[in-house]
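Student: give me a 3D structure for the following:
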Amino acid sequence: MIRVRPAQERGHFDHGWLNTYHTFSFADYYDPEHMGFRSLRVINEDRVHPGHGFGTHPHRDMEIVTYVLEGGLSHKDSMGNGSTILPGDVQRMSAGTGVLHSEFNHSKDEPVHLLQIWLLPEKRGITPSYEQKNFTREEKLNRLRLLASPDGRDGSVAIHQDAELHTTVLESGRSVDYELRPGRHVWLQVVRGSVDVNGKQLEQGDGAAISEEPRLTITGGPGTEATEVLLFNLA
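Tutor: Numbers count the residues shown, from 1 in each chain. The predicted structure follows:
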């Protein structure tokens, strides 16, 4: 079963400095039909204007993954970490017992386009931690690349939840197959372009909740721009 979450039905707010779309209920956007999917709680697609960002604010008991598509996002936190997240980077911050952090676009003329992803942790009250790794386009091209997993295998970042995050960049007409064990579920998020998933067409910004499908065939849509998708394997 594949249930599509169309991009145009997401919550949308334009705050001037921030143009944001919420796949699931978040902040002032509330939709009881879309409170998350399994342990996946938030997918926000944000565009942050030059010279703006999110001031220092707290988080706790959440696995937060930041995936930058364009531009650079500067990060600082109360654990002493400071970095710039660039396209190809995956940042994981486990908020645990509590952490303060800020995110800012220091560019004078380039916006930042990113996905902010939250997953519920397996248990509350863990020690906060941070990790950031880069994954090249070649690693993702026409193949699935593991970005995050519970055990950090294959060079992925380690998250405190029984979940895996994969990505692929698909050229037009190219496909990848993905097999699901019984009892597992997938959320698929189209980052760029369009895909066909087991006969269902998904466009940029669309998501899909997938259950009881033992095998997925994901095919890049037409056009010269490669398609990019995120695939969450969830308990």
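
Student: quick check, central residue of the protein?
Tutor: Nearest residue to the geometric centre of the chain (Cα atoms, centre = their mean): Ile117, 4.6 Å.

Student: which element, helix or strand, includes that one?
Tutor: Assigned by DSSP states H and E, Ile117 belongs to strand 112-119.

Student: quick revisit: pretty sure the residue nearest to the centre of the chain contacts Thr66?
Tutor: Yes: contact criterion Cβ atoms under 8 Å: Ile117 and Thr66 qualify, at 7.4 Å. Using the backbone N, CA and C atoms, a C-beta is placed for each residue, glycine as well.

Student: if I look at the residue nearest to the centre of the chain, how far off is Gly80?
Tutor: Note on Ile117: its distance to Gly80, by Cβ to Cβ, to the nearest Å, is 23 Å.

Student: quick revisit: partner strands of whichever helix or strand comes after the strand holding Ile117, with direction?
Tutor: Sequence-wise, the next helix or strand downstream of strand 112-119 (DSSP H and E) is strand 129-134. Counting by DSSP bridges, the strands paired with strand 129-134 are strand 89-94 (antiparallel).

Student: now the strand it pairs with: how far from the chain's centre is it?
Tutor: Distance, stretch centre to chain centre, for strand 89-94: 10 Å (Cα atoms, centre = their mean, to the nearest Å).

Student: what angle do that strand and strand 112-119 make?
Tutor: With axes from the mean of the first three to the mean of the last three Cα atoms, to 10 degrees defining the directions, strand 89-94 sits at 40 degrees from strand 112-119.

Student: and the helices in this protein, which stretches?
Tutor: 137-140 (DSSP state H).

Student: contacts only, for the residue of the chain positioned farthest from its centre.
Tutor: What lies farthest from the middle of the chain is Lys108; by Cα atoms, centre = their mean that is 25.7 Å. If a contact means Cβ atoms under 8 Å, 6 or more residues apart in numbering, then Lys108 has 50-51 as its contacts.

Student: separation between Leu120 and Leu180?
Tutor: From Leu120 over to Leu180 (counting by Cβ to Cβ), the distance is 20 Å.

Student: do His106 as well
Tutor: In terms of Cβ to Cβ, His106 sits 41 Å off from Leu180.

Student: and the pLDDT for the nearest residue to Arg192 once chain neighbours are set aside?
Tutor: Distances taken as Cβ to Cβ, 6 or more residues apart in numbering place Glu228 nearest to Arg192, at 4.5 Å, with adjacent residues excluded. Glu228 carries a pLDDT score of 97 in this model.

Student: pretty sure Glu228 sits against Glu171.
Tutor: No: between Glu228 and Glu171 there is no contact under Cβ under 8 Å: 10.9 Å.
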